[in-house]
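Trainee: Dropping the sequence and predicted coords here.
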Amino acid sequence: MPHDGTKHERMSGRPSAPGGCGRSYTGPVIAPSAAPPEKIVAVHVGLLAWFQANQRDLPWRHTRNPYAILVSEVMLQQTQVDRVVPYYLGWLRAFPTIQALADAPTAEVIRRWSGLGYNRRAVNLQRTVRAVVDDYGGVFPRTVEQLRALPGIGPYTSGAIAAFAFEQDAGFIDTNMRRVLHRLFFGVDVPSPVATERELTALAVEVVPPGEGWTWNQALIEFGALQCTARRPACVICPLQRDCAAYPAIQTAIRGLPVGARLKREGTWEGSNRQARGRIVDMLRQHPTLSLDDLGSRVRPEYGESDRPWLYDLVRALERDGLTKVAEEGETYVVTLP
Ligand code: SF4
């Protein structure tokens, strides 16, 4: 869930990033098929003014370095902003350049990711920069199409790098952007959206104000994180209320959602394979080599012989994801970081 802001705290200060950050928009607009041009103008003006007044001072908003942008985007994919900030800064100290990350042993990369979760992201990040080194001499390609062709880069991340590193007018959507665009242009998005992914992606591309790709996309992300949140949109004080297709019905729709859905999801985490995968990698960060059974007893206190096939499947799956190495040794298997 990229950029989820439901629990974010606002940070003090204002960024001094070059280009875009803090500017107000007065330029021309392109009308999307989903809305009349005058509505687009109103949304541009309202959202960009809101961003100017409310944006948080986040370190990745001070750079146009595509590698640093990539690092921030990958970290933000599953982790909240306030947790990402120290990891982002630490990562760039440990691996300050593409080359440094490409050259680092993968085990070291996985260790450095410790605490962020979803360890596959670390391996994929290194795969991406190795491809940039191998295929582009260490210089990031600039077009969305070239970026999209890199391993580990999806439609969101390619658009984000194009917009945030190269200040292109790229349109793309993550969870927050999708929600904001849906509510503004298509209406209430819960319990289920009325617009398709294709429609929302097309809209995202069409509504970027020319020359304002950096600011516009940052503003959409920030607005979704702080103002138009999933469960508690601040409609009463929203500058876009008059132009919002979801207002006021969104408040009633949210109140009608079942309570406790989140608790149920958390309940399924305990004892899940996803939890076990995270523990396996954590154990290997602490103990470079472990036999399968030794690993099993550290991952699951009640581990027994009957759990061996389950654990074996997990470490093999992690191996396919580039997170472990499994080798036969005598009558057992030993597991290491790659
Ligand atoms: S009025 Fe409410 S639903 Fe509409 S954009 Fe503003 S915060 Fe979101």
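Mentor: Perfect, I can see it now.

Trainee: who in the protein is up against the ligand?
Mentor: 183-184, 227-228, 233-235, 238, 240-241, 244, 246-247, 250 (C-beta under 6 Å from any ligand atom). Quick note: C-beta positions are derived from backbone N, CA and C, even for glycine.

Trainee: Just the buried subset of those residues, written out for ChimeraX, thanks.
Mentor: In ChimeraX syntax, the buried subset of those is picked out as below (16 or more other C-beta atoms under 10 Å):
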select :183,184,227,228,233,235,238,240,244,246,247,250
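
Trainee: The residues of the chain next to the ligand: which two are farthest apart?
Mentor: Using C-beta to C-beta, the residues of the chain next to the ligand reach their maximum pairwise distance at 184 and 234, which is 14.3 Å.

Trainee: Please give the element, helix or strand, for residue 153.
Mentor: Take DSSP states H and E as the rule and residue 153 turns out to sit in neither a helix nor a strand.

Trainee: Hmm, residue 145 and it touching each other?
Mentor: No: counting by C-beta atoms under 8 Å, residue 153 stays clear of residue 145, with 10.9 Å between them.

Trainee: residue in the stretch 51-200 of the chain nearest to the ligand?
Mentor: residue 183 (4.3 Å; C-beta to the nearest ligand atom).

Trainee: Next, residue 214: phi, psi?
Mentor: Torsion angles at residue 214 (phi, psi; degrees, to the nearest 10) stand at phi -60, psi -60.

Trainee: Neighbours of it, how many?
Mentor: Using other C-beta atoms under 10 Å, residue 214 is surrounded by 26 other residues.

Trainee: For it, report the pLDDT, please.
Mentor: pLDDT for residue 214: 98.

Trainee: Residue 248: neighbour count?
Mentor: Applying other C-beta under 10 Å, I find that residue 248 has 12 neighbouring residues.

Trainee: for it, phi and psi?
Mentor: Dihedral angles (degrees, to the nearest 10) for residue 248: phi -90, psi 0.

Trainee: Contacts only, for it.
Mentor: Counting by C-beta atoms under 8 Å, 6 or more residues apart in numbering, residue 248 makes contact with residue 235.

Trainee: What confidence value was assigned to it?
Mentor: Looking at residue 248, its pLDDT stands at 95.

Trainee: quick one on the thing from earlier: higher neighbour count, residue 153 and residue 145?
Mentor: residue 153 (24 against 9).

Trainee: which residues touch the more buried one?
Mentor: So, once contact is read as C-beta under 8 Å, 6+ apart, residue 153 ends up touching 128, 147, 161.

Trainee: Need those in CSV (columns: secondary structure, pLDDT and neighbour count).
Mentor: Converted to CSV, these look like this (DSSP: H, G, I helix; E, B strand; the rest coil; pLDDT from 0 to 100; neighbours: other C-beta atoms under 10 Å):
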residue, secondary structure, pLDDT, neighbour count
128, helix, 98, 23
147, helix, 97, 26
161, helix, 98, 26
